[in-house]
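Q: give the three-dimensional model of this entry:
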Amino acid sequence: MTLIEIKDALSRAQKGILQYTELMRLFAMVDVSDDAKFQRAYNAFYRVQRRQESWYRGYYSLMQSLKGKNSTFSDILDEIYRLTGRYEPSFASKLLATIDPSKPVWDRFVLENSGHKAPSYSHKEKFELAKKVYASLEKWYSEFVDSADGQNCIAEFDRTVVSDFCFTDVKKVDFILWQTRK
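A: You can find the predicted model right below:
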């Protein structure tokens, strides 16, 4: 990734970075299972839409119950399915990354830019495949953050983003990958 591509991605990410900062400040202060301001901010940032009320209730109750706990993508993916009847790898990762910002987000641009591919929603083993993809994504981030390209991304994020909020290295790279379009 070139410096120009990194700067371009960070320029496009500025609004999202501000939204994320506010979202995470709210997360630390409120009961997310019933705080409408947090839920609106989360829904706007992660583009959660067109879900039934029972989905939102289950999702945010799960998020609140997992605050401060060590959770895994696999457990969250399974629990969302149990609560909602839906296969939601993207939203499982977003919940996990909210309770543990050192975890990556499953997003089509992040997957593409990290060389990963989501399993088909119709695949009979999609849950197990998604868990393997996420584990591979975590490994990729771990290696990328330590690489020269990863360090360039992190350094440029630190130069560009003026904030008193503490971003993890994974989140810094995440914002850049999220806004890198091929």
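Q: most centrally placed residue in the protein?
A: By CA atoms, centre = their mean, the chain has its centre lying nearest to V105, at 2.8 Å.
Q: from A13, how far out is the nearest residue to Q19 once chain neighbours are set aside?
A: Leaving aside its sequence neighbours, Q19 sits nearest to F45 (CB to CB, 6 or more residues apart in numbering; 4.6 Å). Any C-beta I mention is one placed from the backbone N, CA and C, and that applies to glycine too. Noted for F45: a distance of 12 Å to A13, by CB to CB, to the nearest Å.
Q: neighbour count for the two, which is higher?
A: Using other CB atoms under 10 Å as the criterion, F45 and A13 rank with A13 on top: 22 against 18.
Q: what's the helix or strand harbouring that one packed up against?
A: Using DSSP states H and E, A13 falls within helix 3-29. Where contact means 3 or more CB pairs under 8 Å, 6 or more residues apart in numbering; DSSP states H and E, helix 3-29 is packed against helix 36-46, helix 89-99, helix 148-160, helix 169-178.
Q: for the ones you listed, which one sits closest to E22?
A: Smallest distance to E22 across the helices and strands packed on helix 3-29 (CB to CB): 6.1 Å, for helix 36-46.
Q: contacts for that closest one?
A: Helix 36-46 is touched from outside by 16, 19-20, 22-23, 26-27, 30, 32, 48-49, 56, 60, 91, 94, 98, with contacts defined as CB atoms under 8 Å, 6 or more residues apart in numbering.
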